Each structure stands twice: as C-alpha cells, then as structure tokens.
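In: only geometry, no sequence info:
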C-alpha cells in the first residue's frame, strides 16, 4: 500500500469526516451532560442514574439491525442526515424542557434514548458509506480519519460537557450539542453519494439472516466478531472495578484516577494518528493481531499491580488499551469493507455493532466477581478473558493476510 495512494482524500469524503467529528462531539457532550444534569438539576441518586445509563445504551442492542437493513435499502447519506436531525430534535427538546422548567427524569431518559437512536443509525451507516467515497487503497487512511475524529470527541467531549454544565449551566451544554448535530446535518446534505443499484425488497428476517450468515460463515469476519465480543467483555469488566480498586489498592486520589483513566483517551488519539503509517509498514494481518495482543499485555500489566501497586503501571495499561484497539478498529473495518459486497455492508456493520452487547455483560461480571471475591480476582479473570480473545484472532487466517484484500464484487 503506497503512501501516494493515501496522500489526499477526496473532498466528498472530507465532508463526511467533518460531519463525523461534529456528530461524535455532539454525542459525547450530551452523554456527559445527561447524568450531571440528572444529579444536579433533578437531584436523583445512583439507582436512577444507572437506569438513565441503561436507557442510553439500549438503542445499540435494539436498533442496530433495523439500522443495517435501512442502510442497505435506501440512501446512506440521507439516512445519516435524518438520524442526525433526529438527534438534534431530541437535544433541542431537552433544551426546551429545561427552559420551561418541565424537565423530569423520565423525559430526560426518553429524549436521551431518542438521541442515541440517531447515534446508532449514524454508526451503522457511516462505515457502509465510506467505500463508495474513496478508492480501495485509501480505505485505511479514510478509516483512520474517521477514528481520529471519534477519539478526539471521546477524549474531549466528556470534559467539555462537564465544563459547560459546571460553568454555564445545563442548557448551554445541550445547546452546543444540538448545534453540532445541525452542523453534521448540513455537511451531510451537501455530500455526493454515488448511486447504488436498487435492492430487491424481501422479508426483513430473510435479510437479517443473510447479513448474520455472511459474518458467521466468513473465515475472516467470524473470528473478528468473536474476538471483538470477548474483548468488550474483558474491557468493561476491567472498567467496572478500576475506580474502587485504584482508590483502595493503588491509593490514588480523584485526580490520580482521572489522569490514569485519561491515558486511555491519549492512547486512542496516538493510535489513530499513527494508524496509516503502521498499516503502510506492517503486514495487514499483523496490524489486525496487534490490538488483541496489546489488550492482553494491558490486562496483564493491570493484574501485575496487585503485586506491584504502581500508578504508572496502571496508566501504561490504559494507554495500551487505547492504542491497540484503535489499530484493531481501523484494520478490521477496512477488512470488513473489503470483503463485504456493498449491498450487505449496512447489515454487516450492524452485526459488528451488536458486539457492543458484551459491554453490560462485562460490567455485570465485574460486579459479581468483585462482590464474591474482590477486585484482584476481577483483574485475574480479565487477564484470562483478554488471553482468550488474543488466542482466537492469532489462530485465525486473518493474521496471515499479507495485504489488504481486494474489494469484493457484488456477485460474491
């Protein structure tokens, strides 16, 4: 893969990249502001904020597959613009309720649920749209650009949301998020999307089965999905117990905990910035294997803190947990786009989103093991889980790929 092939990305894609940055920033600011508003403005406790977080994660499980069906049936650009407009309306509704002093916990949860539905549709449709906007050789650079925007929003959005609520109040935070969503809609509205052949309308269950079957029977995509599901379980098990473990075992202050967790975002940004160069210099399969291996090393380092209580080790662990998975996301997204026919990309992207369903499983597992055996046992179990996901991908044919696969035709 030559550097010249990725030197400059088309202006059409750049509109998508900027819209993605606006959309991701809107999402992160709103996600950070919602629980703060619930506690400070509505005076709710931990149980109700837990229910709020549940409402903000359910759409990924409930609507990923329907979003994939729509992405394969209609214009992906229009679908994304409509989804982002839906998010803007939901955020403006929260803004209006605050202004009228009518905001309640059920209304905040409902509006947040609707806003996240927009996030799900955008997240499913965007990877399906990218291959129609850039050449095959530019896919790694394009996916790196998309992930860089996501990581910047992930790293800065929560802090910005907290600052806006703390300094200016709840309304400005949601106003900024809504304005960013509107910017994303405007950018998408001016984006040119190549015409796709009309897909025959069949029963939705048949189309869902077709997408799931493609992933589960594909020798490259099946181990990628399994690895990602296991990785999400292990990572959220780790995140579920880290804060109390860091305070009681590593003796970190609130600031120390924040700085240590912040290394995760730093790693993500570094990984996204280096991804294109890494993929130019290493075999494609090697890059795919780097993420799961880095995850295992990170988990082992965190487990080592039970013997050597070190904040530096914990920080390095989170840094690796950020760098490796970003390389994983960029390389496996490129793989998915290369081997999947365009008519299936929406559904295949949706199946990938379903691996996020392992996140609450990991959190629940952390709560159970932590309650029964303590945080140290959680770290050992997390290391074993990360070892399992590394073995799955290292034993798959994906790591043997010397280069990015050729783009598959519609007849595949």
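Out: Now that the structure is in, tell me what you want to look at. This one's a predicted model, so the numbers in the text were calculated from it and none came from an experiment.

In: now the one helix or strand residue 327 maps to, how far from the centre of its chain.
Out: Following DSSP states H and E, one finds residue 327 within helix 311-339. For helix 311-339, the separation from the chain centroid amounts to 11 Å (computed by CA atoms, centre = their mean, to the nearest Å).

In: Identify each buried residue in that helix, please.
Out: By neighbour count on 16 or more other CB atoms under 10 Å, the buried set for helix 311-339 is 311, 313-339. Just so you know, the C-beta spots here come from the backbone N, C-alpha and C atoms, and that holds for glycine as well.

In: helices or strands next to that helix in the packing?
Out: Packing partners of helix 311-339 (3 or more CB pairs under 8 Å, 6 or more residues apart in numbering; DSSP states H and E): helix 105-129, helix 139-168, helix 221-248, helix 254-281, helix 284-304, helix 345-354.

In: Columns mean neighbour count on top of the ones you listed, output as CSV?
Out: Formatted as CSV, these follow (neighbours: other CB atoms under 10 Å):
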stretch, mean neighbour count
helix 105-129, 23
helix 139-168, 21
helix 221-248, 22
helix 254-281, 18
helix 284-304, 23
helix 345-354, 25
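
In: Least reliable of the ones you listed by average pLDDT, please.
Out: The weakest mean pLDDT among the helices and strands packed on helix 311-339 belongs to helix 139-168, with a mean of 79.

In: What helices and strands are in contact with that one?
Out: Applying 3+ CB pairs under 8 Å, 6+ apart, we find helix 139-168 packed against helix 11-40, helix 105-129, helix 170-189, helix 254-281, helix 311-339.

In: what about these, which gets the closest to residue 55?
Out: Residue 55 sits nearest to helix 105-129 of all those, at 4.2 Å, using CB to CB.

In: So what's the gap between the closest one and the chain middle?
Out: Helix 105-129 sits 13 Å away from the centroid of its parent chain (CA atoms, centre = their mean).

In: ditto for stretch 244-261
Out: Remark: stretch 244-261 is offset 25 Å from the chain centroid, using CA atoms, centre = their mean.

In: what's the span of it from first residue to last?
Out: Start-to-end span of stretch 244-261 (CA to CA, to the nearest Å) is 13 Å.

In: Show residues contacting stretch 134-152.
Out: 1-2, 5-6, 9-10, 13, 16-17, 20-21, 24-25, 126-127, 130-131, 133, 265, 268-269, 271-273, 275-276, 279, 322, 326, 329-331, 333-334, 337-338, 404, 406-407 (CB atoms under 8 Å, 6 or more residues apart in numbering).

In: surely residue 16 meets residue 131?
Out: No. Residue 16 is beyond contact range of residue 131, at 11.7 Å (criterion: CB atoms under 8 Å).

In: ok now do the closest residue to residue 236 other than its chain neighbours, which residues does it touch?
Out: The spatial neighbour of residue 236 that comes closest, neighbours along the chain excluded (CB to CB, 6 or more residues apart in numbering), is residue 362 at 3.2 Å. With contacts defined as CB under 8 Å, 6+ apart, residue 362 is in contact with 232, 233, 234, 235, 236, 237, 238, 239, 240.

In: how far away is residue 362 from residue 318?
Out: 16 Å (CB to CB, to the nearest Å).

In: Same check on residue 282?
Out: According to CB to CB, residue 282 and residue 318 sit 23 Å apart.

In: just residue 393 next, same as before
Out: For residue 393, the distance to residue 318 (CB to CB) stands at 21 Å.

In: Then residue 356?
Out: In this structure, residue 356 and residue 318 are 20 Å apart, going by CB to CB.

In: Go ahead and confirm residue 109 touches residue 57.
Out: No. Contact criterion CB under 8 Å: residue 109 and residue 57 do not qualify, at 11.6 Å.

In: Now do the shared contacts for the two.
Out: Common contacts of residue 109 and residue 57, defined by CB under 8 Å, 6+ apart, are absent altogether.

In: any low-confidence regions in the stretch 301-412 of the chain?
Out: Low-confidence segments of the stretch 301-412 of the chain (pLDDT under 70): 359, 363, 409-412.
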